[in-house]
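S.K.: need coordinates for the following:
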Amino acid sequence: MSSQAAPADPTYCAMSLDFNGFVIELDTEGAMPDGNAAEQVVEREAGSLGLTTRLKTVLAKYPGSTHWHFARPGERGTLEVTYWPGQSRCWISVHVNRRGAWIPEAAETMRARMAHAFRAGTGRCDR
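M.R.: Numbers count the residues shown, from 1 in each chain. Predicted structure coming up:
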């Protein structure tokens, strides 16, 4: 994956892109909200975009994490979000075999809204 330079938007934290998929990571510098608040933000913002939850689980590779698969009904693709409070990390990802035309815009909207919500009292995202 190649890295892109961060734009002037202060809510933008880190993003890697290639033609196969992408990852957007919110760098909270240890200021992540507690698990319930973060989960509520993620699920609220996904719902506001008309996304449905296909899967909510814990990833063994990231103990204590919460990992979601979100889909847009009737369309191809899966948008993944992982919240890992033990390392104060939250990221959005898409795998090559789960791409969809709606995903880039939805991922960027989720990133901006989650970063805003975290900064507004439940955490922050600034680099």
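S.K.: where in this protein is pLDDT low?
M.R.: Applying pLDDT under 70 to the chain flags residues 1-22, 24, 26-33, 35, 120-127.
S.K.: what about the strands in it?
M.R.: 2-3, 14-17, 22-27, 52-57, 66-71, 79-84, 89-94 (DSSP state E).
S.K.: would you list the ones you listed in CSV and tack on distance to Glu108 and mean neighbour count?
M.R.: (C-beta placed from N, C-alpha, C; glycine too.) Below are the strands of the chain laid out as CSV (distance: least, C-beta to C-beta, whole Å; neighbours: other C-beta atoms under 10 Å):
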stretch, distance to Glu108, mean neighbour count
strand 2-3, 16, 8
strand 14-17, 9, 16
strand 22-27, 8, 20
strand 52-57, 19, 12
strand 66-71, 14, 20
strand 79-84, 11, 23
strand 89-94, 9, 21
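S.K.: you'd agree Arg72 is up against Gly50?
M.R.: Yes: the pair Arg72 / Gly50 is scored as a contact, 6.3 Å apart, by C-beta atoms under 8 Å.
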